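**Q** Structure for this input, please:
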Amino acid sequence: MLEGKALVEDTDMPVKMQMQAMTSASQALDLYDVSDCKSIAAYIKKEFDMRFGPGWQCVVGSNFGCFFTHTQGTFIYFALESLKFLIFKGVSSPPPAFVYKGNIDN
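**A** You can find the predicted model right below:
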């Protein structure tokens with residue numbers, strides 16, 4: 001387990017959730033090779049979906065750019081080993097308005 005060696009670079013998550021992020025990342029690194037970023041990200045996403053409800057996103061790698069909107073209190077960006085981890089819950093948008101395209105007869 002490596003969670004004590006993580007460096008949080010930015011977050012708005014509660015501390016307990018931050019600890020879960022680092023624990024999940026550490027567990028994923030125990031299970032998968034550091035080069036298998038897709039499996040590492042999938043593991044973390046599934047853990048967060050299970051613990052905190054669906055809608056989580058996870059990006060893992062050493063060189064990436066991103067631009068996103070997240071639900072307040074659900075964002076963390078940290079480094080662990082040679083990788084960077086970005087975890088956040090997406091913003092739910094309301095369903096599109098229903099547009100009726102027919103005739104209404106009285």
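
**Q** Quick check: which ranges of the protein have low pLDDT?
**A** For the chain, the stretches with pLDDT under 70 are 1-4, 93-106.

**Q** list the contacts for the residue nearest the centre of it?
**A** The centroid of the chain falls nearest to residue 87 when counting by C-alpha atoms, centre = their mean (2.8 Å). Neighbour list for residue 87: 21, 44-45, 48, 56-59, 74-76 [criterion: C-beta atoms under 8 Å, 6 or more residues apart in numbering]. Quick note: C-beta positions are derived from backbone N, CA and C, even for glycine.

**Q** ok, which stretches of the chain are helices?
**A** Per DSSP state H, the chain carries helices over the ranges 15-31, 37-52.

**Q** Now the ones you listed in JSON lines, please, with extra columns for mean neighbour count.
**A** Shown next, in JSON lines, are the helices of the chain (neighbours: other C-beta atoms under 10 Å):
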{"stretch": "helix 15-31", "mean neighbour count": "18"}
{"stretch": "helix 37-52", "mean neighbour count": "17"}
